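In: mind looking at a prediction? Sequence and model below.
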Amino acid sequence: MLKIGTVKWKGRCGKHQGYDPEQDGEGGIRGGCGRCRLLLDIFQHHTRLVRAMREFGTSDERQKPSRRKTPEEFQTMLFDMAD
Ligand SMILES: [Zn+2]
């Protein structure tokens, strides 16, 4: 069994405050900045984590296959986790 608590996290590079890993990706990292690289790593790992959790399914889905969450409901859950 695996339990993960709710994580609220925000990060911004002090030198490149406009850098957005989701929008700018690897090509947006200026001068090989380590802080921006970490933001990109965190974003990519989070994306993989969310995808893996979605693939695994929610506990509701596993216990009651007849009551599956709609993609919209699941999306709302993820936003609740993130914000
Ligand atoms: Zn930076």
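Out: On my side now, so go ahead. Numbers count the residues shown, from 1 in each chain.

In: what about the closest residue to Leu38 other than its chain neighbours, how many residues close to it?
Out: Counting by C-beta to C-beta, 6 or more residues apart in numbering, Leu38 lies nearest to Gly11, which is 7.6 Å off, once chain neighbours are set aside. Placement of C-beta: from N, CA and C, glycine included. By the measure other C-beta atoms under 10 Å, the count of residues near Gly11 is 11.

In: just Gly32 next, same as before
Out: Every residue meeting other C-beta under 10 Å relative to Gly32 is counted, giving 7.

In: now it: how far from Thr58?
Out: 39 Å (C-beta to C-beta, to the nearest Å).

In: name the residues of the one helix or strand His45 maps to that are buried.
Out: Using DSSP states H and E, His45 sits within helix 34-56. Neighbour counts over helix 34-56 (16 or more other C-beta atoms under 10 Å) mark 36, 39-40, 46 as buried.

In: reformat these as CSV; add distance to Met1.
Out: Listed next are the buried residues of helix 34-56 as CSV, based on distance: C-beta to C-beta, whole Å:
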residue, distance to Met1
Cys36, 36
Leu39, 31
Leu40, 31
His46, 22
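
In: please list which of those are also close to the ion.
Out: With the criterion set as C-beta under 5 Å from the ion, the members of those near the ion are Cys36.

In: between the buried residues of helix 34-56, which is nearest the ion?
Out: Nearest to the ion out of these is Cys36 (C-beta to the ion; 3.5 Å).

In: near the ion, which residues of this protein are found?
Out: Counting by C-beta under 5 Å from the ion, the chain comes close to the ion at 13, 15-16, 33, 35-36.
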